[in-house]
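1. let me see the structure of the following:
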Amino acid sequence: MTSQAAYISHNPLKSVYRTLIYYSVTLTAVVLFNILPGFKSGPCTPGLDILSGFVLFLGSIILLGVNLIRLKLKGRAYLPSVIIHFVVFTGCLIFSLIWG
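-> I've put the predicted structure just below:
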């Protein structure tokens with residue numbers, strides 16, 4: 001194992017890196033689904049533009065719960081990840097209340 005790989009595997013911020021990568025990929029997909037015309041929904045069929053928002057919202061809830069359990073069991077190493085998930089969940093909730 002290289003020194004960089006060993007650093008990442010034993011790094012206490014590994015969950016934060018994974019969280020940031022997850023939200024980077026998810027937010028990129030949401031933006032692309034909402035910009036590209038091929039994914040627009042019709043009057044009776046929800047397309048990926050609407051479903052992508054639900055995926056982001058539900059994903060943040062599920063991952064918040066998982067990281068809360070890990071925080072309880074394994075300690076403070078998961079606290080930054082819990083904070084990130086909570087901020088995204090709150091942002092999705094506020095966004096849905098304003099625009100919904």
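2. check contacts around residue 64.
-> 82, 85, 86, 89 (CB atoms under 8 Å, 6 or more residues apart in numbering). Heads up, the C-betas are built off the backbone N, CA and C, glycines and all.
3. which ones among those map onto helices?
-> 82, 85, 86, 89 (DSSP state H).
4. out of these, which are buried?
-> The neighbour count (16 or more other CB atoms under 10 Å) marks 82, 85, 89 as buried among the ones in helices among the contacts of residue 64.
5. buried residues in stretch 69-85?
-> Residues of stretch 69-85 classed as buried: 70, 71, 78, 80, 81, 82, 84, 85 (neighbour count, 16+ other CB under 10 Å).
6. among these, which pair sits farthest apart?
-> 70 and 84 (13.4 Å; CB to CB).
7. adding pLDDT and distance to residue 13, write the contacts of residue 64 out as JSON lines.
-> Compiled in JSON lines, these are given as follows (pLDDT from 0 to 100; distance: CB to CB, whole Å):
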{"residue": "82", "pLDDT": "91", "distance to residue 13": "13"}
{"residue": "85", "pLDDT": "91", "distance to residue 13": "15"}
{"residue": "86", "pLDDT": "93", "distance to residue 13": "17"}
{"residue": "89", "pLDDT": "89", "distance to residue 13": "20"}
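8. redo the residues you listed as CSV? Include distance to residue 36.
-> Below are the contacts of residue 64 laid out as CSV (distance: CB to CB, whole Å):
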residue, distance to residue 36
82, 33
85, 27
86, 30
89, 26
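9. alright, I will stop here.
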